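Novice: please work out how this folds:
(3 chains)
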Amino acid sequence: MDFYFFLIQVLNGVQYGLLLFLVASGLTLIFGIMGIINLAHGSFYMLGAYLAWSLAQYTGSLTAAIALGVVLTIALGIALEQVLFRHLYARDHLYQVLLTYGLILVFDELRSMIWGDDVHGVAVPALLAFSIPLTENLSYPFYRLAMSAVCLVIAGALWLLIRHTRLGMMIRAGASNREMVQALGINIRLVYTVVFALGVALAGFAGMLAAPVSSVFPSMGGQVLIISFVVVVIGGIGSVWGALAAALLIGMADTFGKVLVPEVSAAIVYLVMAAVLLWRPEGLFKR
Amino acid sequence: MAAEPILRTEALTRRFGGLTAVNDVRIDLRMGEIHAVIGPNGAGKSTLTNLLSGDLPPTSGRILFRDRDIAGRTPHRISRLGVGRSYQKTNIFKPFTVLENCRLAAQSRAPHALRILSRAERFRDLARNAEAALELAGLAQRADEIAANLSHGEQRQLEIAMCLATAPTLLLLDEPLAGMGATESARMVELIRALGRDHAVMLIEHDMDAVFAVAQRLTVMVNGEVLESGMPEAVRASPAVQSAYLGHGE
Amino acid sequence: MNRRRSDIALAAALLALALFPLAGSTFYLQLVTKIMAMAIFAMSLDLLVGYTGLVSLGHAAFFGIAGYTLALLSPQYEAANLWTTLPAAMAACAMFALVTGALVLRTSGIYFIMVTLAFAQMAYFVFHDTALGGGSDGIYIYVKPEMKLAGRTLLDLGDLGQFYDLVLILMTAVYLFLRRLLGSPFGRALAGIRANEQRMRSLGFPTFRYKLAAYVIAGALAGISGYLAALQFGFVNPEILSWHNSGIVLMMVILGGMGTLHGAIIGAFALVLLQEVLANQAWFGEAAKHWQLAMGVLIVLVALFLPRGLAGLGARPRKGSADGR
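Specialist: Below you'll find the model as predicted:
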């Protein structure tokens, strides 16, 4: 494998990993802080992608579509939390699994009814639609670099949020001891609504960002769901940094796996997870 | 009653990162004797119990049960050697009846524990052991009640009954009187006194009246170390103990 | 007594099922046969989820391994022998359960869920991507296995009515076996592990061994359902090991009511029949195409308002009992 080919795989692996991080961070925050297992998380990713596609058609600009789409997904997250999810906090995990499985069916069918079942391509915004030449035969699409950059910015913003804001402090406190936080008078319900909306928005935004690269197709939600659960579990539930480390690990393992051992590449992610869990049964960075 | 100790520890130590919870502790427990361990909160008493019951492995030191080193063995193996442990925080099977709690405990010793096609009730010997344990603990009349519905004191009694159903030789009792009212405490003290006659008992307690009523030996722990150990009256009178613990209120 | 009533209800249900072939059409006979096989699948999972407290999202692995065992052991143009292939399928599942269980049971909670999923996915990819399983096209079973004794055919498994009887018998047998198991000392120990595993350990129970035994038994029983399904459809492909399948059977258990065995059967019937009803265009016209939406909404409602699943609808308020059920 020559250097530039290797470089391309590394860049791809990082980009995929960072995208997974966006989705997984939402999942781990929701599970770690609110104790909710949300199988419908992948559906938010899918909805984000379809929103981006249809809004881009409508407005003519992917950027505008993403901006609008993020607002809509935040609204969706708030609505879902207020109407449905807040009834689940005290319930057995399995009932959350049941309810969110029902939601997957609902979202899938809604998507089918609103946008149909076809696969769609989404155009990269003109400003970013060029490639950086590496050798005379190889070049790398700038959009993918832009994606990675955006994900890193968001990761940084999450870090700032969690480490340096009052909300972040409440999030960290809520994660360790729900009752204590409530006893201190912090509005835990508000924290939960914010965290949930944040998680949904992260997943939706990831879908929008990924749309030009991966296309928009019906089963994209299911695919990303399983992988993001794997990432969350490897990283350690509730740990955002664990999710980052695990996402990059999986991104690289998957990308290099497809190139080096294509026959078993699909199983690589699961082999990695099984190996990590057997070494550290609670994930790499368990709180 | 000056028999050979059934359990003794040598230089038993347990560290958690930078914190040494139990440091170089030497304690021995004899058949027919109630050995109380007291000390302020954080003295390491519960950690010590966890080390003896196998819930925690020691960092260093030895635990000799009948002269065999059991340090680091798993809880279930230690239990099978004849060690019964009751918990400070009630640790029963809440959804089951009182009788089932004990029956299950008794089942742990049964050779036919793995029979998979006969109804559990058919094994009368287990039920008898369970009933005997309940009788001893004073809960016989509550046998069919769901454990979650018992009063706090009754749940503590069940805690002990479950240990007894496993026919242990050594009993590790972690604050059995915690949260009990006066009558219940008195009943529990009588039970412990009765148990002390044919078991080896290590009793962790904060209730000083109870301790001095039943203990035949007393160890005071402070900051993970043994401050003083010996006959209760002598320990009580020791100036070091007075200033470190008993002198400060209660 | 509660037990009497449920025994009578059970007997009535079994009688109804036994008589059903007299009234039902071929289509419904096929459907109910499929549902009964799924009920075995669901009951085996309930042993893990509802009784031992182990939530597996990889149960479809056993379903698939059993089906593929039948497919691989069946000669191309002759009938295989049920008496050898069914035990072989169960044994293959038991082996897989023993090996993966020894590893998987070292984790717990959500981690356990994910590792079981991981192993099932790996099994999926073995059949999908290697030469072992005939790839994504799957394998056909051209001739149904035969069930002979001393040279005479006991049941013609190619005849729908007789195959229906076999599945009904097996479903009943599995139910009775599990009832017995759960009332036995072993079963009580499992219930204890679910209620308070740490206390069980400190009472002297080697809980790991109990969990592993339950895992192996559940795997072998799930194998029966996979075998029957492969037999019924004459075809296996990797999709039967997919996480979607694992998810569906878990839904059946939760929907029906975990920890009640008959809940698993109810859940299997409910989920499949619900889908049939909602997708029925004769009744719902155009809306039937969107049956998934209605199904999803109903599942959400059950999750919100029926904390003990469908089986909790008829039962008296739970007071607890000798075995915690």
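Novice: next, give phi and psi for residue 129.
Specialist: Answering for chain A, as no chain was given. When read as degrees, to the nearest 10, the backbone of residue A:129 gives phi -90, psi 60.
Novice: now do the same contact list for it.
Specialist: If you count contacts by CB atoms under 8 Å, 6 or more residues apart in numbering or on different chains, residue A:129 has them with A:123, A:142, A:143. Any C-beta I mention is one placed from the backbone N, CA and C, and that applies to glycine too.
Novice: one more: residue C:175?
Specialist: By CB under 8 Å, 6+ apart, residue C:175 lies in contact with C:43, C:261, C:262, C:265.
Novice: how near is it to residue C:46?
Specialist: 11 Å (CB to CB, to the nearest Å).
Novice: so where is the stretch 151-287 of chain A shaky, pLDDT-wise?
Specialist: A:171, A:173-182, A:184-186, A:286-287 (pLDDT under 70).
Novice: so which residues of it form helices?
Specialist: A:166-176, A:178-183, A:188-214, A:220-235, A:240-260, A:265-279 (DSSP state H, counting those that start in this stretch).
Novice: most packed of these?
Specialist: helix A:220-235 (a mean of 25; mean count of other CB atoms under 10 Å in any protein chain shown).
Novice: what residue lies at the spatial centre of chain C?
Specialist: residue C:41 (0.6 Å; CA atoms, centre = their mean).
Novice: so what's that one closest to, chain neighbours aside?
Specialist: residue C:225 (3.8 Å; CB to CB, 6 or more residues apart in numbering or on different chains).
Novice: repeat for residue A:5
Specialist: Nearest residue to residue A:5 in three dimensions, chain neighbours excluded: residue A:138, at 7.1 Å (CB to CB, 6+ apart).
Novice: chain A contacts on the stretch 51-200 of chain C?
Specialist: Taking CB under 8 Å from any CB of the partner chain as the measure of proximity, the stretch 51-200 of chain C contacts chain A at C:55, C:103, C:106-108, C:110-111, C:114-115, C:117-119, C:121-122, C:125-126, C:128-130.
Novice: and those residues, which of them are buried?
Specialist: C:55, C:107-108, C:110-111, C:114-115, C:117-119, C:121-122, C:125-126, C:128-129 (16 or more other CB atoms under 10 Å in any protein chain shown).
Novice: off-centre distance for the helix ranked longest in chain B?
Specialist: The longest helix of chain B (DSSP state H) is helix B:182-198. On the basis of CA atoms, centre = their mean, to the nearest Å, helix B:182-198 sits 13 Å off its chain's mean C-alpha point.
Novice: next: stretch C:266-281.
Specialist: Computed by CA atoms, centre = their mean, the chain-centroid distance of stretch C:266-281 equals 17 Å.
Novice: quick one: buried residues of that stretch?
Specialist: Neighbour counts using 16+ other CB under 10 Å place C:266, C:267, C:268, C:269, C:270, C:271, C:272, C:274, C:278, C:279 of stretch C:266-281 among the buried residues.
Novice: avg pLDDT for it?
Specialist: Here stretch C:266-281 scores 89 as its mean pLDDT.
Novice: I'd like to check what contacts it. Which residues are they?
Specialist: For stretch C:266-281, contacts defined as CB under 8 Å, 6+ apart pick out C:31, C:34-36, C:38-39, C:41-42, C:248, C:251-257, C:283-284, C:288-289, C:291, C:294-295, C:298, C:309-311.
Novice: returning to what we had before: wait, doesn't the residue nearest to the centre of chain C sit right on residue C:59?
Specialist: Yes - applying CB atoms under 8 Å, one finds residue C:41 in contact with residue C:59, separated by 7.4 Å.
Novice: shared neighbours of these two, which are they?
Specialist: C:222, C:249.
Novice: helix or strand next in line after the longest helix along chain C, which one?
Specialist: Ranked by residue count under DSSP H, the longest helix found in chain C is helix C:207-233. Following helix C:207-233 in sequence order, the next helix or strand is strand C:235-236 (DSSP states H and E).
Novice: residues contacting the residue nearest to residue C:41?
Specialist: So residue C:225 contacts C:37, C:38, C:39, C:40, C:41, C:44, C:63, C:66 (CB under 8 Å, 6+ apart).
Novice: before we move on, which element is the last one in?
Specialist: Right, residue C:66. Per DSSP H and E: helix C:60-73 holds residue C:66.
Novice: swap in the second one?
Specialist: Of the helices and strands defined by DSSP H and E, residue C:38 is found in helix C:26-46.
Novice: and that helix, what does it pack against?
Specialist: When contacts are defined as 3 or more CB pairs under 8 Å, 6 or more residues apart in numbering or on different chains; DSSP states H and E, helix C:26-46 sits against helix C:2-23, helix C:160-183, helix C:207-233, helix C:243-256, helix C:262-278.
Novice: and the closest residue to residue A:281 other than its chain neighbours, how far from residue C:243?
Specialist: Computed as CB to CB, 6+ apart, the closest residue to residue A:281 that is not its neighbour in sequence is residue C:107, at 4.5 Å. Distance of residue C:107 to residue C:243, computed by CB to CB: 18 Å.
Novice: kindly report the same for residue C:302.
Specialist: Using CB to CB, residue C:302 is found at 22 Å from residue C:243.
Novice: who has more neighbours, the two?
Specialist: residue C:302 (23 against 19; other CB atoms under 10 Å in any protein chain shown).
Novice: element containing the more buried one?
Specialist: Per DSSP H and E: helix C:291-305 holds residue C:302.
Novice: helix, strand or coil for residue B:94?
Specialist: coil (DSSP: H, G, I helix; E, B strand; the rest coil).
Novice: which residues touch it?
Specialist: Residues counted as contacts of residue B:94 (CB under 8 Å, 6+ apart) are B:146, B:147, B:148, C:195, C:196.
Novice: how about the helix or strand following the longest helix of chain B and chain C, touching?
Specialist: Beyond helix B:182-198 on the C-terminal side, the first helix or strand identified by DSSP H and E is strand B:200-204. No - judged by CB under 8 Å from any CB, strand B:200-204 makes no contact with chain C; its nearest approach is 15.0 Å.
Novice: quick one: stretch C:229-244 near chain A?
Specialist: Yes - counting by CB under 8 Å from any CB, chain A is contacted by stretch C:229-244 at C:243, C:244.
Novice: tell me how far the residue of chain A found nearest chain B lies from chain C.
Specialist: Residue nearest to chain B within chain A (CB to the nearest CB): residue A:92, separated by 13.7 Å. Counting by CB to the nearest CB, to the nearest Å, the separation of residue A:92 from chain C is 8 Å.
Novice: now that residue. Its backbone dihedrals?
Specialist: Residue A:92 adopts backbone torsions of phi -60, psi 140, taken as degrees, to the nearest 10.
Novice: for it, the count of nearby residues, please.
Specialist: The burial count for residue A:92: 12, using other CB under 10 Å.
Novice: what does residue A:148 give?
Specialist: 18.
Novice: mind checking the SS state of the residue lying closest to it once chain neighbours are set aside?
Specialist: Nearest residue to residue A:148 in three dimensions, chain neighbours excluded: residue A:15, at 4.7 Å (CB to CB, 6+ apart). Put simply, residue A:15 is helix when judged by three-state DSSP.
Novice: next, the contact list for residue A:15, please.
Specialist: Applying CB under 8 Å, 6+ apart, one finds that residue A:15 lies in contact with A:144, A:145, A:147, A:148, A:151, A:251.
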